[in-house]
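A.B. asks: I need the structure of the sequence given here:
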Amino acid sequence: MIITEIKTETVELPLEAPIATAIHNVESIGCVLLTLKTDEGIDGEAYVYTINAARIRAFEEMIKGFSHQLLNRDPHYVGAIWHCIWDEINPTGHKGVTVSAMSAIDVACWDIVGKAADKPLHHIFGACRDSIKTYASGGLWLSEDIETIVEEAKEYVAMGFRGMKVRVGSGNIKYDVARVAAVREAVGPDIELMADVNQALRPKQAIRLGDELEEYHLLWLEEPVAAHDLEGHAKVTASIVTPVASGETEYTRFGMQQMINVEACDVLMPDLQRIGGYSEMLKVAHIASAHNIKISTHVFTEHSLCIAGAAYNCISVEHMPWLGVMFNESMEMRDGEIIIPQRPGTGFTFNWDALDEFII
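C.D. replies: Have a look, this model is predicted:
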């Protein structure tokens, strides 16, 4: 089997309504959709995204720029392809757009491997489960007032979610605490509740917030300080009772290893696009396991399920509904867990009919 063609398409998917976190204002999600075609008629699919489609063409051009590493090569040699690209990007850097492009290529190659074997990828990676806990992450935004997020929280419980994440980081600690308190009162003590600061605070502020939120028994406090401030992360992690989750903005196993070395957080949150694809995400899960650290995947819900099915130390996936329209298949949730599909490859294929109206 060899790769015979590389196809990309860019789309922009509008959100139902604009949303905001402490550092983001989001109206749409722009994606580069990658398809690798082979001489045996098996396609591999993957995607990368940017908020509001910002600089989406740069991501597309970076993917295309690695065509010479793909054409006429057997996608089963996904490890060799990964390392060839890794070596090639040394002059341009091992973070940012370069790694994102490599991630999409890696996922698409693995998709072909699974489809060629007629097996779901978590079986190929070494399955440990067929479902994984999830939490609702598509609401409770900082741009919404307390009354609105309370109603959303109740709706999530009615939908079957057993966990959800509320955004904080407004700069007003009393208001942030009031948001969490209101949601906790609305959903009761048995629903797992997380709070995401989105990097908005300084370490001392984050410690104070963590202390005041302790009575609400959060599963974790997420990205309490700037992503690059690993020492600040470590100070917060060492100072509060609530576990700290972070890592979605970090790149590859080397970045995650730095976080582990300074004890920056209690839960690592690898992002499929930034981490370097499935090949690298599995390495990160294993490195974390060696340090007795749990992981929880960041967005990319559909495409992260096969990792969750093979990484024993993965405790959950983030349920982000933004991109469901892209796929022919839908996620199935049961008792607060997402069923890991038994379909070959990633288990999800692009719905081109639905995507046609969103092509840029």
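
A.B. asks: what residues sit buried inside the longest strand anywhere in the chain?
C.D. replies: Assignment by DSSP state E gives strand 3-20 as the longest strand of the chain. Within strand 3-20, the residues that count as buried by 16 or more other Cβ atoms under 10 Å are 3, 6, 9-13, 19. (Each C-beta comes from the backbone N, C-alpha and C, glycine too.)

A.B. asks: I'd like those written out as a markdown table, with distance to residue 72 and pLDDT added.
C.D. replies: Shown next, in a markdown table, are the buried residues of strand 3-20 (distance: Cβ to Cβ, whole Å; pLDDT from 0 to 100):
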| residue | distance to residue 72 | pLDDT |
| --- | --- | --- |
| 3 | 7 | 98 |
| 6 | 11 | 98 |
| 9 | 23 | 98 |
| 10 | 26 | 98 |
| 11 | 28 | 98 |
| 12 | 33 | 98 |
| 13 | 33 | 97 |
| 19 | 44 | 94 |
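
A.B. asks: quick one: the helices in the stretch 101-250 of the chain, in order.
C.D. replies: 121-125, 146-159, 173-187, 203-213, 230-239 (DSSP state H, counting those that start in this stretch).

A.B. asks: pick the most buried one from those helices.
C.D. replies: helix 121-125 (a mean of 21; mean count of other Cβ atoms under 10 Å).

A.B. asks: how far off centre is that one?
C.D. replies: 19 Å (Cα atoms, centre = their mean, to the nearest Å).

A.B. asks: contacting residues around that helix?
C.D. replies: 110-111, 113-114, 117, 278, 282, 305-310, 340, 345-347 (Cβ atoms under 8 Å, 6 or more residues apart in numbering).

A.B. asks: now with 10 Å, please.
C.D. replies: Helix 121-125 has contacts (Cβ atoms under 10 Å, 6 or more residues apart in numbering) with 107, 110-111, 113-115, 117, 127-130, 132, 278, 281-282, 285, 303, 305-311, 340-347.

A.B. asks: quick one, which of those are buried?
C.D. replies: 107, 110-111, 113-115, 132, 278, 281-282, 285, 303, 305-311, 340-341, 343-347.

A.B. asks: now the spatially most central residue of the chain: how far from residue 97?
C.D. replies: Note on the chain: the residue nearest the mean C-alpha position is residue 298, at 2.4 Å, using Cα atoms, centre = their mean. Using Cβ to Cβ, to the nearest Å, residue 298 is found at 18 Å from residue 97.

A.B. asks: next: residue 188.
C.D. replies: 44 Å.

A.B. asks: those two: who's more crowded?
C.D. replies: residue 97 (19 against 9; other Cβ atoms under 10 Å).

A.B. asks: so what are the domain limits for the protein?
C.D. replies: 3-118+353-358, 123-339 (automatic domain parsing).

A.B. asks: which of those domains sits most buried?
C.D. replies: For those, where neighbours mean mean count of other Cβ under 10 Å, the stretch averaging the most is domain 123-339, with a mean of 20.

A.B. asks: and the closest residue to residue 260 other than its chain neighbours, how close does it get to residue 250?
C.D. replies: If the residues on either side of it in the chain are set aside, residue 260 comes closest to residue 291, at 5.3 Å by Cβ to Cβ, 6 or more residues apart in numbering. With distances taken as Cβ to Cβ, residue 291 is found 15 Å from residue 250.

A.B. asks: try residue 114
C.D. replies: Distance from residue 114 to residue 250, by Cβ to Cβ: 26 Å.

A.B. asks: and the strands in the stretch 1-150 of the chain, which stretches?
C.D. replies: Secondary structure of the stretch 1-150 of the chain (DSSP state E, counting those that start in this stretch): strands at 3-20, 25-38, 43-51, 131-136.

A.B. asks: any chance of the helices of the stretch 101-250 of the chain in a markdown table with distance to residue 139 and mean pLDDT as columns?
C.D. replies: What follows is these, written out as a markdown table (distance: least, Cβ to Cβ, whole Å; pLDDT from 0 to 100):
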| stretch | distance to residue 139 | mean pLDDT |
| --- | --- | --- |
| helix 121-125 | 28 | 98 |
| helix 146-159 | 4 | 98 |
| helix 173-187 | 10 | 98 |
| helix 203-213 | 19 | 98 |
| helix 230-239 | 25 | 98 |
